[in-house]
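# Coordinates for the following, if possible.
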Amino acid sequence: MTATAPPETPTPPARGRLARLLPPPGPGRMLVICSAVASVGNGLYLSGSAIYFIREVGLSSWQVGLGLSLVGLISLPINVPLGYLADRFGPREVTILTTLTKVVALIAAMFVANFPMYLLVVGVLGVADSGGQVARGALISGLMGREGRVALSAYLRSVFNAGFTLGVLGAGIVIAFDTRPAYLSLMLGNAAAMVLAAILYLRLPRVPGTRGEKKREGGGWLALRDWPYLAVAQVAGIARLGPTLAAVGLPVWLVTRTDAPRALAAWLYAINTLMVVLLQVRAARGADTVPGAARLQRWTFLGLAGACVVTGLASGAPPLLATAIMVVGMVVFTLGEIWGEGARWGLRYELAPDHAQGQYGGMFSTGDALAAIAGPTLVTVLPERFGLAGWIALAVIFLAGLAASGPVIRWAERTRPRFVTA
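As a prediction, the model looks like this:
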């Protein structure tokens with residue numbers, strides 16, 4: 001499932017430093033622009049939506065939280081059939097469809113008046129967002145091929161974090177007004193960004209789907225029978241606890257169990273964001289093969305386990321030392337995060353058949369269940385209740401991922417002929 005991209009031309013020196021930071025002209029650059037537009041919109045919406053539903057609609061905080069948790073539970077199993085549709089009808093078309101579905105849901109969010117309506121709107125929005133990510137992964141694979149898909153995924157994550165941060169900053173200004181029109185402008189801003197992104201997706205080459213092709217041996221739902229691939233996805237998903245630790249666990253630990261200044265929490269977030277934006281592309285190099293991705297995943301688990309132990313030492317330390325420990329902990333956590341994303345892309349793409357990148361991407365996303373469902377509880381309750389022992393328990397989880405990583409990847413490699421040629 002590979003599209004023929006138009007020939008690319010070298011970037012003239014006059015384009016300046018910004019052009020040199022982007023992929024060469026062509027589908028890759030257009031995807032980066034799409035991601036930048038969508039990420040700003042997401043930053044606008046996600047920063048203010050919970051406040052809007054609580055203050056303006058009148059929902060309780062537990063209702064808002066429950067709705068978001070249910071969305072996570074619903075989205076993961078639906079990703080496989082949505083990925084299958086991307087394989088069948090073309091990933092560009094499904095990406096555009098999910099993007100426009102988000103527009104409809106965002107407009108509907110402006111008219112939410114009660115909890116059932118809220119559940120319906122955020123459910124549609126969450127499924128469209130999650131399914132869109134799966135379809136976009138298949139689109140990246142189809143447009144960039146084996147040589148460029150991991151590198152472009154790294155570019156996209158770097159750009160997304162930068163754009164999302166800009167959206168958050170913009171939302172902060174809007175939220176300061178604390179009026180219904182101000183909150184509604186966040187919804188409209190994200191909807192407008194999604195419309196623009198959908199238009200830009202139309203400018204990409206079409207990646208043909210499998211509809212109309214001769215039915216392959218074994219039927220269409222190949223990913224559901226690929227147990228080795230599913231095992232790889234679950235092990236890789238353990239590393240997704242790392243970003244949750246960086247975003248939730250470290251700030252809570254800093255405030256509740258250390259003598260470091262509270263304002264450090266904002267600086268830790270800034271360190272994480274800057275490292276992702278500046279280093280993600282470099283960190284993913286070499287992950288475009290299974291051996292390279294496997295090696296990077298080993299470094300991921302070692303880094304995350306080490307960061308847990310280091311961070312746990314901040315409790316009881318003098319303020320200056322606690323500050324230094326927390327900064328080192330965040331740096332190592334972020335290294336584990338960006339290594340882990342590179343490893344995920346390599347394994348997700350390289351172990352999947354080219355004609356089924358969508359459904360396999362949906363299957364790979366099921367590995368996020370641990371981090372999505374249990375992650376926030378694990379990373380807050382264990383350290384807060386048990387101190388350093390809680391951090392060591394989290395380190396053991398990552399070391400278990402390290403121990404399982406090699407065997408499940410080798411199992412998947414041995415069984416590739418059966419699935420890739422099916």
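# Would you enumerate the residues in contact with the residue nearest to I325 when sequence neighbours are not counted?
Once flanking residues are discounted, I325 sits nearest to A314: 4.2 Å by C-beta to C-beta, 6 or more residues apart in numbering. For every residue, glycine as well, the C-beta is placed using N, CA and C. Contacts for A314 (C-beta atoms under 8 Å, 6 or more residues apart in numbering) come out as W253, L254, R257, T258, A260, L321, A322, I325, M326, G329.
# try 10 Å this time
250, 253-254, 257-260, 321-329, 388, 391 (C-beta atoms under 10 Å, 6 or more residues apart in numbering).
# Please apply the same query to A193.
36-45, 99, 102-103, 106, 163, 167.
# quick one: which of those residues sit in helices?
Under the assignment DSSP state H, those contribute 36-45, 99, 102-103, 106, 163, 167 to helices.
# distance of the residue nearest to I325 from L196?
Using C-beta to C-beta, to the nearest Å, we find A314 at a distance of 44 Å from L196.
# now swap in V281 and tell me
24 Å.
# Which one's more surrounded, the two?
Between V281 and L196, counting by other C-beta atoms under 10 Å, V281 is the more crowded of the two (22 against 17).
# Can you tell me the closest non-neighbouring residue to that one?
A154 (4.4 Å).
# Just the pLDDT for that neighbour.
In this model, A154 is scored at 96, pLDDT.
# just the ones in helices among the contacts of A193 now: which is nearest I409?
For the ones in helices among the contacts of A193, the closest approach to I409 (C-beta to C-beta) belongs to S39, at 30.9 Å.
# Contacts only, for that closest one.
By C-beta under 10 Å, 6+ apart, the contact set of S39 is 156-157, 159-167, 193, 197.
# Let me have those in JSON lines, adding distance to V64 as columns.
Shown next, in JSON lines, are these (distance: C-beta to C-beta, whole Å):
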{"residue": "L156", "distance to V64": "29"}
{"residue": "R157", "distance to V64": "27"}
{"residue": "V159", "distance to V64": "29"}
{"residue": "F160", "distance to V64": "24"}
{"residue": "N161", "distance to V64": "24"}
{"residue": "A162", "distance to V64": "27"}
{"residue": "G163", "distance to V64": "24"}
{"residue": "F164", "distance to V64": "20"}
{"residue": "T165", "distance to V64": "23"}
{"residue": "L166", "distance to V64": "24"}
{"residue": "G167", "distance to V64": "19"}
{"residue": "A193", "distance to V64": "22"}
{"residue": "A197", "distance to V64": "26"}
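# Buried members of the residues you listed into ChimeraX, please.
Buried residues among the contacts of S39 (16 or more other C-beta atoms under 10 Å), as a ChimeraX selection:
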select :156,157,159,160,161,162,163,164,165,167,193,197
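# Quickly name whichever of the contacts of S39 is closest to W345.
The closest of those to W345 turns out to be R157 (C-beta to C-beta; 8.9 Å).
# which residues sit in contact with that closest one?
Counting by C-beta under 10 Å, 6+ apart, R157 has contacts S35, S39, V276, V277, Q280, V281, A283, A284, I338, E341, G342, W345.
# in stretch 102-115, what counts as buried?
K102, V103, A105, L106, A109, M110, V112, F115.
# Next, count neighbours for the nearest residue to V207 once chain neighbours are set aside.
Excluding the flanking residues, the one nearest V207 by C-beta to C-beta, 6+ apart is G142, at 3.4 Å. Per other C-beta under 10 Å, the neighbour tally for G142 reads 29.
# So for G142, what's the pLDDT?
At G142, pLDDT is 95.
# Would you confirm that it contacts R92?
Yes - between G142 and R92 there is a contact under C-beta atoms under 10 Å: 8.2 Å.
# For those two, list the residues in contact with both.
Common neighbours of G142 and R92 (C-beta under 10 Å, 6+ apart) are A3, A86, L204, P205, R206, V207, P208, G209.
# For the fourth one, give me phi and psi.
Main-chain torsions, P205, degrees, to the nearest 10: phi -60, psi 150.
# Contacts only, for A113.
By C-beta under 10 Å, 6+ apart, the neighbours of A113 are V57, G58.
# what helix or strand does the residue nearest to I325 sit in?
Assessed by DSSP states H and E, A314 sits outside every helix and strand.
# ranges for the helices of the stretch 101-250 of the chain?
Using DSSP state H, counting those that start in this stretch, the helices of the stretch 101-250 of the chain run over residues 115-175, 180-201, 227-238, 241-244, 250-257.
# looking at the ones you listed, which is buried most?
helix 241-244 (a mean of 25; mean count of other C-beta atoms under 10 Å).
# Show me the contact partners of that one.
249-250, 272, 276, 300-301, 303-304, 307-308, 332-341, 370-372, 374-380, 394, 397-398, 401.
# Which one, of the helices of the stretch 101-250 of the chain, ends up nearest to L59?
Closest approach to L59 among the helices of the stretch 101-250 of the chain (C-beta to C-beta): helix 115-175, 6.1 Å.
# what angle separates the closest one from helix 180-201?
90 degrees (axes from the mean of the first three to the mean of the last three C-alpha atoms, to 10 degrees).
# distance of the spatially closest residue to L85 that is not a sequence neighbour from V103?
In space, and not counting its chain neighbours, L85 is closest to V94: 5.4 Å by C-beta to C-beta, 6+ apart. With distances taken as C-beta to C-beta, V94 is found 15 Å from V103.
# now A260
Per C-beta to C-beta, A260 is found 43 Å from V103.
# where does the chain have low pLDDT?
1-21, 212-220, 421-422 (pLDDT under 70).
# And the residue in it sticking out farthest from the centre, its phi and psi?
Each residue of the chain has a distance to the centre, and by C-alpha atoms, centre = their mean the biggest one is for P318: 35.8 Å. Main-chain torsions, P318, degrees, to the nearest 10: phi -60, psi 160.
# Now do the same contact list for it.
So P318 contacts D259, A260, A324 (C-beta under 10 Å, 6+ apart).
# three-state assignment of the last one?
Just to be clear, that refers to A324. helix (DSSP: H, G, I helix; E, B strand; the rest coil).
# same thing with the first one?
What three-state DSSP gives for D259 is coil.
# how far away is the closest residue in space to it that isn't next to it in sequence from L264?
Nearest residue to D259 in three dimensions, chain neighbours excluded: P319, at 4.6 Å (C-beta to C-beta, 6+ apart). P319 is 10 Å from L264, where distance means C-beta to C-beta.
# So for those two, which sits in the more crowded spot?
L264 (21 against 12).
# surely that one meets W253?
No - when contacts are counted by C-beta under 10 Å, L264 is not listed as touching W253 (11.2 Å).
# Any idea how far stretch 335-348 is from the middle of the chain?
11 Å (C-alpha atoms, centre = their mean, to the nearest Å).
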